[in-house]
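# model this:
(chains A and B)
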Amino acid sequence: MSENVVSLSGVHKSYALGEYEVHALRGVDLNIAEGEFTVIMGPSGSGKSTLLNLLGCIDLPSTGTVEICGHNTNHRSEKELAALRRENIGFIFQAFNLIPVLSVYENVEYALILKKVPETERAELVDKIIDQVGLAAHKHHRPNQLSGGQRQRVAIARALVTRPRMVLADEPTANLDSATGKSILALMQEMNDLYKTTFIFATHDPDVLTFARRAIRIHDGKIDGDEHAQPKKKPASKRKSK
Amino acid sequence: MKNFKMPTSVKIAFRNVFRNRRRTLLTLSSIVLGSAAMIDFDGYRNFADWGLREMYIRSQLGHIQIYKKGYRASKGMKPFEYLIANSDDIKKTVSETLGDRLKVVTSRLELNGLITKGGQSYNFMAQGIEVDAEKKMSALDDGTSSALNVRRGQGLIGGDSGAVLLGFELCEALGVNDGDLLSLMGASVNGALNATDLLWKGCFSTISKEYDKVATIMPLADAKRFAATEDVLKIVVMLNNTDMTDRARKDLEAAFAAKGYDLEMVSWLELADYYKQVMVFLGGMFMVIATIIVFVVVFSIVNTLTMSVFERVQEIGTIRAMGAEGTQILRLFIIEGIMLGLIGGLIGMCFGGVVAFAINHAKILLPPPPGSSEGFLLQLRLYPSSFLLGFSIAVLSSFVASIYPAMKAAKLRVVDALRHV
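Numbering: from 1, shown residues only, chains lettered A, B, ... in the order given. Model prediction:
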């Protein structure tokens, strides 16, 4: 049986919004095993982004425990959390969040630089992943010279190049047209197969479900559904970048 | 040779500097102007320092003055009690000790009294000088002009006897003209009243208007005759370079001690009170200007970098999410600030140099400073230290200015930064 990369127990998260206290998560228990391709679904305000933030160690629970790759995130310093993210987690964002002054190659390489990977090793890893996401011809381009789909491919390459145990994707297809979105999801699925990296998406795009092997539904800060299934379809990821 | 590869943090900082070109240009212009202003003001200060110092040294003080021991303590009240009898021997010792560091060594005798023309009498303070030696002393380095500015008349020439030069203000007061004989009256060394008639040969001005009201110069032989002595009051040493003064003085002290001479020495700096006051004043002004410039540069960079942080909140959040620590973000923005300073400082050095060149060639005549009788040509003397100063101010201010925005960026909460739109 695969080891859990995510283990949440009795997690509550609340924060102040003006004079009100918002209870974003209300007692979440969740385990996600290594290599899963999981989607967290729910309407806006359901708590899925808050959950993703806790999984990404960029926020801490109000109560309860969050264990990421065997490390309890409670009572950890900013520095320790940064190290935890650097070593174990890759991020893919809705707005791609590439560094505009760096080229495709440099954006991907930056994740390795933060991890202090030696330069020769970096070049090999970056070239390989850029080739795998189909952007070899664009590696010296800046983000503003790429389409939305190409930018998200760069983000995928950046998230995966450090060989993290888990990749978190917050609405990765929301800024893409449907066809490009599907090709991005297919690419992530391919990477999941290739590297056995755990993928966790937060989305309300029903199309994502067709790729997911597990769907966790969240509503009003509570998990109200957890389905395991084989993906219904697995289209090729069209390496030709869109 | 291995290819140089710029560290990523430097690369990101460098590219971010030019991300918003218009804003960077505005920031750079304030750094460039600030740095250039510092460089040029330092050039002015250097010019004032050099000009005033050399004028004092060449027209009055020399680099080192040698007196009979006790003269300084007597505050010059009874100069004739402190006359030097063996001046030729001392000058020979000076010459042998200093060798090629010595430009000229000369003797002087000072007198006081009344000078009269027609019915008008004024106090005078006369210097009896060795004319040729003093001319050599007062010649400026380029050999074309003299620090002793003869404004009317032909001046003294070597071998002149029975002649006198008057300070410009004294000339004006007496209303002298070519061929005028002036009567000088004063005490000789033995206390007897003495008088002599001397032929007016010209008017000179120094940097001190007050001194020009009483100043008189005559050949040393006339002064000796007037005071009825063969001795001199002081021996003035002029070196080839002002920077040699301290070393030369030490060497002379050792030489005089070895010969058993009962002498004391004083360096030009101890006598140049006005010079010291002016330099303190200019130093104060320099500090005020430097402070204003630093404030402007710091404010400008804080403003630019704070806006840059605000625009890049999400980017900062992304980098932090990828595992960068707060200190790495801090470094990124500090490098950016320093880079602005480096670029601004480099351009500022060039700009400051060009402005100084233009000013030096524009022949701008400034009005006389307080207490002086003559205006002067504005010249900026830039030394390597001037450029280093302007450049350092630019870089250091930029560094200091970048700390606050960099800390602001480093302290952003990752989750808030990523949510920022």
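# kindly report the residues of chain A close to chain B.
Within chain A, the residues that sit near chain B (C-beta under 8 Å from any C-beta of the partner chain) are A:53, A:56, A:58-59, A:78-79, A:82-83, A:85-87, A:89, A:91, A:93, A:95, A:97, A:99-102, A:106, A:109-111, A:113-115, A:119, A:158. Heads up, the C-betas are built off the backbone N, CA and C, glycines and all.
# buried sites along stretch B:44-64?
B:44-49, B:51-64 (16 or more other C-beta atoms under 10 Å in any protein chain shown).
# and the longest helix seen in chain A, what does it pack against?
When chain A is parsed with DSSP state H, its longest helix is helix A:178-195. Applying 3 or more C-beta pairs under 8 Å, 6 or more residues apart in numbering or on different chains; DSSP states H and E, one finds that helix A:178-195 contacts strand A:37-41, helix A:148-160, strand A:198-203, helix A:206-209.
# how about those, which one is nearest B:D416?
Nearest to B:D416, of all the helices and strands packed on helix A:178-195, is strand A:198-203, at 17.7 Å by C-beta to C-beta.
# near chain A, which residues of the stretch 251-400 of chain B show up?
Counting by C-beta under 8 Å from any C-beta, the stretch 251-400 of chain B sits next to chain A at B:314-315, B:317-326, B:328.
# closest one to chain A out of these, please.
Closest approach to chain A among these (C-beta to the nearest C-beta): B:G323, at 2.5 Å.
# and the pLDDT for the closest one?
Among the per-residue scores, B:G323 shows a pLDDT of 93.
# that one belongs to a strand, doesn't it?
No: under DSSP: H, G, I helix; E, B strand; the rest coil, B:G323 sits outside any strand and is assigned coil.
# for the longest helix of chain A, buried residues please.
For helix A:178-195, burial by neighbour count (16+ other C-beta under 10 Å) applies to A:180-192, A:195.
# what is the burial count for whichever residue of chain A sits closest to chain B?
Chain B sits closest to A:R86 of chain A, with a gap of 2.5 Å, by C-beta to the nearest C-beta. Neighbour count of A:R86, defined by other C-beta atoms under 10 Å in any protein chain shown: 20.
# that one sits in which helix or strand?
Using DSSP states H and E, the element containing A:R86 is helix A:78-88.
# kindly write the ChimeraX command that selects the buried subset of the residues of chain A next to chain B.
Entered in ChimeraX, the line below selects the buried ones among these, by 16+ other C-beta under 10 Å:
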select /A:53,56,58,59,82,83,85,86,89,91,93,95,97,99,101,102,106,109,110,111,113,114,115,158
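# strands of chain B, start to end?
According to DSSP state E, chain B carries its strands in the segments B:64-68, B:102-117, B:120-129, B:149-153, B:163-167, B:181-187, B:193-205, B:215-219, B:234-239, B:263-267, B:365-366, B:376-377.
# got the angle for the fifth one vs strand B:181-187?
Right, the one you point to is strand B:163-167. For strand B:163-167 against strand B:181-187, the angle by axes from the mean of the first three to the mean of the last three C-alpha atoms, to 10 degrees is 80 degrees.
# same for strand B:163-167, what does it pack against?
The contact analysis (3+ C-beta pairs under 8 Å, 6+ apart) places strand B:163-167 against strand B:181-187, strand B:193-205, strand B:215-219.
# what comes up buried for that strand?
B:163-167.
# same deal with the fourth one?
With burial defined by 16+ other C-beta under 10 Å, the residues of strand B:149-153 counted as buried are B:149-150, B:152-153.
# tell me the one of those nearest chain A?
Within those, proximity to chain A (C-beta to the nearest C-beta) peaks at B:N149, which comes in at 61.8 Å.
# on the pLDDT front, check the closest residue to that closest one other than its chain neighbours for me.
Of all residues not flanking B:N149 in the chain, B:S205 sits nearest, at 5.1 Å (C-beta to C-beta, 6 or more residues apart in numbering or on different chains). On the pLDDT scale, B:S205 is placed at 83.
# how close does B:S205 get to B:D88?
Distance from B:S205 to B:D88, counting by C-beta to C-beta, to the nearest Å: 32 Å.
# which one's more surrounded, those two?
B:S205 (23 against 11).
# the more buried one against B:I217, yeah?
No: with contacts counted by C-beta atoms under 8 Å, B:S205 stays clear of B:I217, the gap being 12.0 Å.
# ok so, going back, flag whichever of the buried residues of strand B:149-153 scores worst on pLDDT.
The member of the buried residues of strand B:149-153 with the lowest pLDDT is B:N149, at 73.
# residue contacts, that residue?
By C-beta atoms under 8 Å, 6 or more residues apart in numbering or on different chains, the residues touching B:N149 are B:59, B:204-206, B:374.
# in the worst-scoring helix or strand of chain A on mean pLDDT, what counts as buried?
None of the helices or strands of chain A scores lower by mean pLDDT, DSSP states H and E than helix A:206-209, at a mean of 78. Residues of helix A:206-209 classed as buried: A:208-209 (neighbour count, 16+ other C-beta under 10 Å).
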